[in-house]
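>>> Make a model of this:
(one chain, ligands or ions: 1)
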Amino acid sequence: MSQGKAFLTRPHERHRDSFVEAVYEYIREKRTVNWHPEILRERFDEYLRVLRQAETDPLAGMVPATQLWLVADGHGYIGDVDVRHRLNQSLRRFGGHIGYKIRPSCRRRGYGTLICRLGIAHARWLGIGDILITCDDDNLGSAKVIEANGGVLQDRIDNQRGVLTRRYWVRA
Ligand SMILES: CC(C)(COP(=O)(O)OP(=O)(O)OC[C@H]1O[C@@H](n2cnc3c(N)ncnc32)[C@H](O)[C@@H]1OP(=O)(O)O)[C@@H](O)C(=O)NCCC(=O)NCCS
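Reported below is the predicted structural model:
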């Protein structure tokens with residue numbers, strides 16, 4: 001699969017099967033997922049509605065956020081990025097404007113660096129100036145992704161998670 005053909009798109013029914021397979025991969029690496037993959041498969045429309053609602057009418061305590069999927073023709077879902085339209089107190093400490101993940105079977109091929117770059121471009125399109133991106137201090141892959149995209153380390157803070165949180169800014 002060539003990286004050049006991967007692009008960001010809104011979550012869509014046509015990528016349902018590859019997304020469900022990826023959720024199984026996330027579960028195998030012990031990542032928390034919000035929906036069981038088989039429920040997701042059956043009620044995919046509802047899942048898409050929940051994502052759309054998060055953009056304009058978020059749940060209490062959440063800020064509006066857009067989720068986009070990195071996909072490639074003939075392959076489907078590779079990863080996703082959440083772009084939060086603004087920060088709240090909690091996101092300023094952990095989470096930031098942009099969060100991303102690449103399905104385990106597609107890692108270490110440059111897609112992490114690409115999805116972060118495209119997520120930053122989307123944040124710019126939304127009018128966000130300085131962009132905060134955070135990662136765990138021991139998440140070497142993510143730190144490299146952020147630094148490759150111009151992130152400048154501000155500090156490492158203790159969020160009582162057993163590992164410090166790195167806070168990077170990509171300046172406007
Ligand atoms: C972090 C993550 C997005 C990286 O995705 P990826 O597709 O592997 O990233 P890339 O292929 O673009 O790799 C970028 C760099 O990080 C390195 N890297 C990737 N994973 C690594 C790891 N586990 N340990 C050390 N280095 C790693 C790559 O070798 C590459 O280095 P290089 O630029 O020197 O060649 C992916 O591991 C992931 O989804 N992790 C789980 C979710 C997560 O942690 N998200 C980030 C939250 S802040």
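>>> Helices of this protein, residue ranges please.
16-28, 37-42, 44-56, 89-93, 111-125, 140-148 (DSSP state H).
>>> from these, which stretch is densest packed?
Ranked by mean neighbour count under mean count of other C-beta atoms under 10 Å, the helices of the chain are led by helix 111-125, which reaches a mean of 20. Any C-beta I mention is one placed from the backbone N, CA and C, and that applies to glycine too.
>>> That one vs the ligand: in contact?
Yes - residues of helix 111-125 are located near the ligand by C-beta under 6 Å from any ligand atom, namely 111, 112, 113.
>>> these two touch, right, residue 137 and residue 165?
Yes - using C-beta atoms under 8 Å, residue 137 is in contact with residue 165, at 7.0 Å.
>>> overlap in contacts of those two?
residue 156 (C-beta atoms under 8 Å, 6 or more residues apart in numbering).
>>> and the two? which has more neighbours close in?
Between residue 137 and residue 165, residue 165 has the larger neighbour count (other C-beta atoms under 10 Å), namely 20 against 14.
>>> Give me the distance between the more buried one and residue 108.
Using C-beta to C-beta, to the nearest Å, we find residue 165 at a distance of 23 Å from residue 108.
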